[in-house]
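A.B. asks: dropping a prediction and its sequence here:
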Amino acid sequence: MAFEFDFNETFKWCALYLSKGLRIVRLHGIHPDGRCTCGDAECRVGGSKHRNCGKHPVGIEWGERYARSEDDLLEWDDGVPFNVGVLLGPDGGVIDNEDDSPEATAFRESLGLHELITPAWTSGKSTHQLTRWHDSLADCGGVQKPGGLECRLGAGGRQIQSVLPPSWHHTGVQYKWKPDLSIDDIDIADTPKILLVQISNSAAAGSGGMTKYEGPLVFREVHDGEGRHHALLLWAWNKIVNDRDPLSPHRRAVLTQEIRDANEKYIKPPKTTDEALQIINSCFEYYRKKQEKGWVAAPSDLTESAVRDEAEKLEEEVNPEDAVAVVGLEAHGLDPYQAGELRGYRVGTWRIEMIKGDPPEIVLVVPQWRRTPCGGRVNMTLDTFRSAAKVASAVFNATHRVILDGDSKKWVAVWKGVDASKKTGGVSIPGIMEQLMARKSADDDIEVGTASKRYAELAGYLLKTFRKATKAKDEEKPEPNESGRPCWVTPDELWFQWGKVWEEISRTHDVAVGERNKIRNKLLEIMHAKDLVHKRHRFPSGRLEYIVFTREWVEALESLASGVDGMRLLKGEVELNFPKTENHSPSTVHETEVVGA
């Protein structure tokens, strides 16, 4: 489960860091629901400040309030999750270099640093290396970026820190030491001379080491080290802002292809397809947001200086990974090819999974949609899968953004295929539907058995989770578990978060998308209820919503787990050993609100 805080595990690592001489600082953590503990409403997963979530230190003058002993670490055990940072610079004694782009990775490898034996860890999609501070860096400032490699120094009196394992990244990925390169396995190496030289040169240049493309808007060849990313972004914005209707499906598709062609022709080596599309989609997204605020491109916006200025703002304000293509089939991972006068498409990155349940379902998996609400997985029935229009509708409903049938006639041909004709050069063009079925592997199928057996299995999973339920810590004012795990708040009320228990179940069992709703509906049917009982509880960090089961609901779950003819279908025992909580009074549950169905 993402953002699952374990103080004991964190304490163990922090104690090790102290033994290695590192200065450890407390950072704000991330609540299970994605909120940063700093309390800023926008500092959360999905908020405008999501990049800072879980990365900034607690309080002011934090560089002087680092942990000096294990007793200091124990004082951090106040029930609020936190991340861990290491103080960098001459006082901390270490620096950190991070590759957060393909260019940075290539630059690191060109210096031979990828073979350096020093503690290294991963965060999201980046790799960090920890090396010793060197006095030659004293005048180099807080951060330098030679070749795009982010070197966090903490020089010049700057308070700089880097996040260490086992902290959580806002993307839901936990920071982890690389195999055989943990700080528990090896010593921190001296910073190689070749990197010291690159950092010093970057500082002397005064640009932070980030090379920007400074050529004309009409492209020339742009080579590695000359700002390939910025050059392509600049060209993309120039093309889009000079178009009369760049957001129309037809023009967006044309512009996307033209910019991709420029990438292949002028960028040496070219940006990958995914990288180029992220840049292009960022520009379209930026244009759309400006237009929504009432902006209309004027002649003054088309000048070279205006284009450059706007491209600078775009690069600072837009996260490429948040930009999702809404039109243009090539932008969604399909590979185009020419067949006579027509364009066909291969499935590219698309694939399907078959849920062999009752009834069966199909999951369309598209990595390019992973940043949308559905996470790149669109569930549909077999009937929907057979219809191009229904597939497009299901995709839009799941992603809230992706439009496949901007040209409905074209989409039907792409999904269903086209028979051989003169226009196709005498060859048939197979549809995406047919290709997906041909490509499907039996290993991707999810076996769920018959409905009655599956209900028993799912109910058994829930019961096993409930068997691990805790009791309220405070007998005078019992509270549910803030993590969302099951907790007997009173002798007759089991509080838990529905999503939390199913995420834990999914660690060890294959639970198909939608099955948790099926078991919910089956329980409602047994209890003759319209909805599960919802209640909210107020914690210092905010209000959280829970499902509350009485013993009658637990008994209904047990009957469901018994399966056909009262025979249990699961191995092992699933009976609950209810905790003894007679001394808990139901009336002492405080600051709780019942949520109406």
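C.D. replies: On my side now, so go ahead.

A.B. asks: find me the pLDDT at the residue lying closest to F5 once chain neighbours are set aside, would you?
C.D. replies: Once flanking residues are discounted, F5 sits nearest to P81: 3.5 Å by Cβ to Cβ, 6 or more residues apart in numbering. (Glycine included, C-beta is placed from N, CA and C.) On pLDDT, P81 comes in at 95.

A.B. asks: ok, the one 10 residues further on next?
C.D. replies: According to the prediction, D91 has pLDDT 91.

A.B. asks: repeat that for K468.
C.D. replies: 87.

A.B. asks: hang on, it packs against W488?
C.D. replies: No: using Cβ atoms under 8 Å, K468 is not in contact with W488; the gap is 11.2 Å.

A.B. asks: higher neighbour count, the two?
C.D. replies: Using other Cβ atoms under 10 Å, the more surrounded residue of K468 and W488 is W488, with 22 against 12.

A.B. asks: convert the C-alpha atoms of the helix or strand where the more buried one lies to CSV, please.
C.D. replies: Remark: W488 resides in strand 487-490, with elements defined by DSSP states H and E. This file holds the C-alpha atoms of strand 487-490, laid out as CSV (Å, rounded to 0.1, in the frame of the first residue of the first chain):
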residue,chain,number,x,y,z
CYS,A,487,-10.1,-1.8,14.3
TRP,A,488,-12.7,-2.8,16.9
VAL,A,489,-13.5,0.7,18.1
THR,A,490,-16.3,-0.7,20.4
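
A.B. asks: pLDDT of it, averaged?
C.D. replies: On average, strand 487-490 scores 93.

A.B. asks: so for the helix or strand just after it, mean pLDDT?
C.D. replies: Beyond strand 487-490 in the direction of the C-terminus, DSSP H and E gives the next helix or strand as strand 493-496. Strand 493-496 shows a mean pLDDT of 94 in the predicted model.

A.B. asks: mind checking pLDDT for the spatially closest residue to D40 that is not a sequence neighbour?
C.D. replies: In space, and not counting its chain neighbours, D40 is closest to K49: 6.4 Å by Cβ to Cβ, 6+ apart. Looking at K49, its pLDDT reads 82.

A.B. asks: surely K49 meets C38?
C.D. replies: No: counting by Cβ under 8 Å, K49 stays clear of C38, with 9.2 Å between them.

A.B. asks: of those two, who's got more company?
C.D. replies: Neighbour totals were compared for K49 and C38, and C38 leads with 18 against 15 (other Cβ under 10 Å).

A.B. asks: does E353 sit in a helix, a strand or a coil?
C.D. replies: Classification of E353 using DSSP: H, G, I helix; E, B strand; the rest coil returns strand.

A.B. asks: do you know the pLDDT at it?
C.D. replies: E353 is given a pLDDT of 87.

A.B. asks: does it touch P360 like I think?
C.D. replies: No: assessed by Cβ under 8 Å, E353 is found out of contact with P360, at 11.0 Å.

A.B. asks: touching, R251 and D245? I think so.
C.D. replies: Yes: if you go by Cβ under 8 Å, R251 and D245 touch, sitting 5.2 Å apart.

A.B. asks: who's more crowded, those two?
C.D. replies: Between R251 and D245, counting by other Cβ under 10 Å, R251 is the more crowded of the two (16 against 9).

A.B. asks: pLDDT of the helix or strand encompassing that one, averaged?
C.D. replies: Per DSSP H and E, R251 falls inside helix 249-266. Taken as a whole, helix 249-266 has an average pLDDT of 85.

A.B. asks: beyond that helix, next helix or strand please.
C.D. replies: strand 267-268.

A.B. asks: ok and the following helix or strand past that next one relative to helix 249-266, angle-wise?
C.D. replies: The helix or strand immediately downstream of strand 267-268 is helix 273-292, counting by DSSP H and E. For helix 273-292 against helix 249-266, the angle by axes from the mean of the first three to the mean of the last three Cα atoms, to 10 degrees is 140 degrees.

A.B. asks: angle of the following helix or strand past helix 273-292 against helix 273-292?
C.D. replies: Next along the chain after helix 273-292, taking DSSP H and E as the criterion, comes helix 304-317. Helix 304-317 runs at 110 degrees relative to helix 273-292, counting by the same axes, to 10 degrees.

A.B. asks: wait, the residue nearest to F5 sits on T37?
C.D. replies: Yes: in this structure, P81 is within contact of T37 by Cβ under 8 Å, at 6.4 Å.

A.B. asks: if I look at these two, which residues touch both of them?
C.D. replies: In terms of Cβ atoms under 8 Å, 6 or more residues apart in numbering, P81 and T37 are both contacted by the residues 29-31.

A.B. asks: can I get those residues in CSV including secondary structure, neighbour count and pLDDT?
C.D. replies: Converted to CSV, the shared contacts of P81 and T37 look like this (DSSP: H, G, I helix; E, B strand; the rest coil; neighbours: other Cβ atoms under 10 Å; pLDDT from 0 to 100):
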residue, secondary structure, neighbour count, pLDDT
G29, coil, 23, 95
I30, strand, 28, 94
H31, coil, 22, 92
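
A.B. asks: Q257: which of the residues you listed is nearest?
C.D. replies: I30 (39.9 Å; Cβ to Cβ).

A.B. asks: what bridges to that closest one?
C.D. replies: Counting by DSSP bridges, I30 is bridged to C36.

A.B. asks: dump the residue contacts of it.
C.D. replies: Contacts of I30 (Cβ under 8 Å, 6+ apart): 3, 36-37, 45, 53-54, 81, 83, 168, 170.

A.B. asks: let's see it at 10 Å
C.D. replies: Shown in contact with I30 (Cβ atoms under 10 Å, 6 or more residues apart in numbering): 2-5, 36-37, 43-45, 53-55, 81-83, 167-170, 172.

A.B. asks: report the contact partners of H509.
C.D. replies: 457-458, 460-461, 464, 502.

A.B. asks: just say helix, strand or coil for it.
C.D. replies: Assignment for H509 (three-state DSSP): coil.

A.B. asks: do the same with Y345
C.D. replies: strand.

A.B. asks: can you tell me how far it sits from H332?
C.D. replies: 10 Å (Cβ to Cβ, to the nearest Å).

A.B. asks: quick one: common contacting residues for those two?
C.D. replies: With Cβ under 10 Å, 6+ apart as the test, Y345 and H332 reach no residue in common.

A.B. asks: per-residue pLDDT, the residue sitting nearest the centre point of the chain?
C.D. replies: Taking Cα atoms, centre = their mean, the centroid of the chain lies closest to T171, which sits 3.6 Å from it. According to the prediction, T171 has pLDDT 87.

A.B. asks: which residues does the closest residue to it other than its chain neighbours contact?
C.D. replies: Nearest residue to T171, sequence neighbours excluded (Cβ to Cβ, 6+ apart): G124, at 5.1 Å. G124 makes contacts with 100, 169-173, 175, 321, as judged by Cβ under 10 Å, 6+ apart.

A.B. asks: name the member of those that has the highest neighbour count.
C.D. replies: Within these, H170 tops the neighbour count with 23 neighbours, counted by other Cβ under 10 Å.

A.B. asks: how about that one, phi and psi?
C.D. replies: H170 adopts backbone torsions of phi -60, psi -20, taken as degrees, to the nearest 10.

A.B. asks: noted, bye for now.
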